[in-house]
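**Q** could you look at this predicted model? Sequence included:
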Amino acid sequence: MVLPAFNEEKNLPGLFVRIQAAMTGAGLEYGIVLVDDGSTDGTRLVAEDWAARIPIRIYRHARNQGLGAALRDGLNAACDGPWSIVVTMDADETHGPELIPAMVRLMAQGKDVVIASRYEPGARVEGLSAFRRLLSALASLLFRTLFPTAGVRDYTCGFRAYRAEALQTAMKACGGDLVTEQGFQCMAGILLKLRRLGLAFAEVPMVLRYDLKQSASKIKIVKTAGATLGMMARHLAPRHRAAGLSYER
C-alpha cells in the first residue's frame, strides 16, 4: 500500500486505525510504504510511532516535490517488495480503506486495475463544493470521450489497486518513467499509459469523505486543470498513439 503524505499529521492516526481494522478483519497480509513528501509538521513522527504497531516503511523527501514524485518513489518501492497487489490511496482520510477487500476480490477474479470510483452506482461525495464536483464530472466526461477505456469512468481518483506485475511491465516499457506528471494529473497520466497494455479494468463505488479531512486541500484547481489538458494533448499526439505496449499474465 502506497501513501503519499504531505503535512498529514492530523489525518494519519485515524487512517492507520482504519487500515489495520480493514486488513485484519479481511485476513489480508499488508505493508505500507509511506512517502513523506517534505512535510513541515509531525507527519514523520506520527508514522514512526505507528511503525511499532503496523508494518510501515517510511521514505522521506527533504523538500516537497509534489504528488507525482511521491507516488513515483512509493510505487518503485512497493514493486520491489513481495506484494502481488499494490494499492495507492490518499493519506488524508478521504479514501476509505474498508473498500480494499472488495478491490482485492475483483483482482482475484482476473482484474488488473481496480479503481475506487465516484461515478459507479452507489458512490457519493461528502464535503466537497458543487463547483469541485462539477469540474470532476466534466473531467470524467472528457477523458471518457477522448480515451475510452472499458471498465473505467473515474480517471483521476488516486485510490486504486494494481496488479504489481502489470506495473512492473509498464515501468520497463516506459524506461522507468511510468509517473512523469508532477501534479495531481499524475493519476490520469498513469492510467493513460496502462490502458495501452490491454489490461482488465474495473471499478467499485466509493464514498469520498472530504468532510473527514483535517488538513487544507493542496490542489491548485486552475494549475491542475491546465496541466491535465496539456497532458491529454500530449497523449493524443501521433507518437503516443503509435506507441504500443504489451502485457501477458
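**A** Arrived safely. The structure displayed is predicted, hence computed values, not measured ones.

**Q** ranges for the helices of this structure?
**A** Listed in chain order, the helices of the chain (DSSP state H) span 12-25, 43-50, 67-79, 100-108, 130-146, 164-173, 186-194, 221-236, 238-242.

**Q** the residue nearest to the spatial centre of the chain and residue 118, how far apart?
**A** Taking C-alpha atoms, centre = their mean, the centroid of the chain lies closest to residue 158, which sits 2.8 Å from it. For residue 158, the distance to residue 118 equals 12 Å [C-beta to C-beta, to the nearest Å]. Backbone N, C-alpha and C define where each C-beta goes, glycine included.

**Q** picking that back up, from residue 113, how far out is the closest residue to the residue nearest to the centre of the chain other than its chain neighbours?
**A** Nearest in space to residue 158, with sequence neighbours left out and distances taken as C-beta to C-beta, 6 or more residues apart in numbering, is residue 187 at 4.8 Å. Note on residue 187: its distance to residue 113, by C-beta to C-beta, is 12 Å.

**Q** hey, what's in contact with both of the two?
**A** When contacts are counted by C-beta atoms under 8 Å, 6 or more residues apart in numbering, the set common to residue 187 and residue 113 consists of residue 160.

**Q** please name the residues that touch residue 190.
**A** 71, 178, 179.

**Q** quick one: which of those has the most company?
**A** Counting neighbours by other C-beta atoms under 10 Å, residue 71 comes out on top of the contacts of residue 190 with 25 neighbours.

**Q** my guess is that one contacts residue 90, does it?
**A** No: using C-beta atoms under 8 Å, residue 71 makes no contact with residue 90, being 10.6 Å away.

**Q** overlap in contacts, the two.
**A** Between them, residue 71 and residue 90 share the contacting residues 4, 158, judged by C-beta under 8 Å, 6+ apart.

**Q** tell me where the model's unsure across the chain.
**A** 215-220, 238-249 (pLDDT under 70).

**Q** where's the residue nearest to residue 158 relative to residue 229, distance?
**A** 15 Å.

**Q** have a look at those two and say which one is more surrounded.
**A** The neighbour count for residue 187 versus residue 229, taken as other C-beta under 10 Å, is higher for residue 187 (24 against 13).

**Q** my read: the more buried one touches residue 152, true?
**A** No: at 11.9 Å, residue 187 does not count as touching residue 152 under the criterion of C-beta under 8 Å.

**Q** for residue 109, phi and psi?
**A** When read as degrees, to the nearest 10, the backbone of residue 109 gives phi -90, psi 0.

**Q** number the chain from 39, please
**A** With 39 as the first residue, the last one maps to residue 147.

**Q** that one: how many residues sit nearby?
**A** 10.

**Q** ok, it - contacts?
**A** So residue 147 contacts nothing (C-beta under 8 Å, 6+ apart).

**Q** from residue 197, how far out is it?
**A** From residue 147 to residue 197 the distance is 19 Å (C-beta to C-beta).

**Q** do residue 150 as well
**A** Distance of residue 150 to residue 197, computed by C-beta to C-beta: 16 Å.

**Q** what about those two, which has more around it?
**A** Neighbours were counted for residue 150 and for residue 197 using other C-beta under 10 Å; residue 197 has more, 25 against 22.

**Q** ok, of the contacts of residue 228, which one's closest to residue 242?
**A** residue 109 (20.5 Å; C-beta to C-beta).

**Q** quick one: that closest one and residue 63, what's the gap?
**A** Counting by C-beta to C-beta, the gap from residue 109 to residue 63 is 27 Å.

**Q** repeat for residue 219
**A** 35 Å.

**Q** now residue 160
**A** For residue 160 relative to residue 63 (C-beta to C-beta), the value is 21 Å.

**Q** where's residue 147 relative to residue 139, distance?
**A** From residue 147 to residue 139 the distance is 13 Å (C-beta to C-beta).

**Q** ah, wrong one, I meant residue 109
**A** In terms of C-beta to C-beta, residue 109 sits 23 Å off from residue 139.
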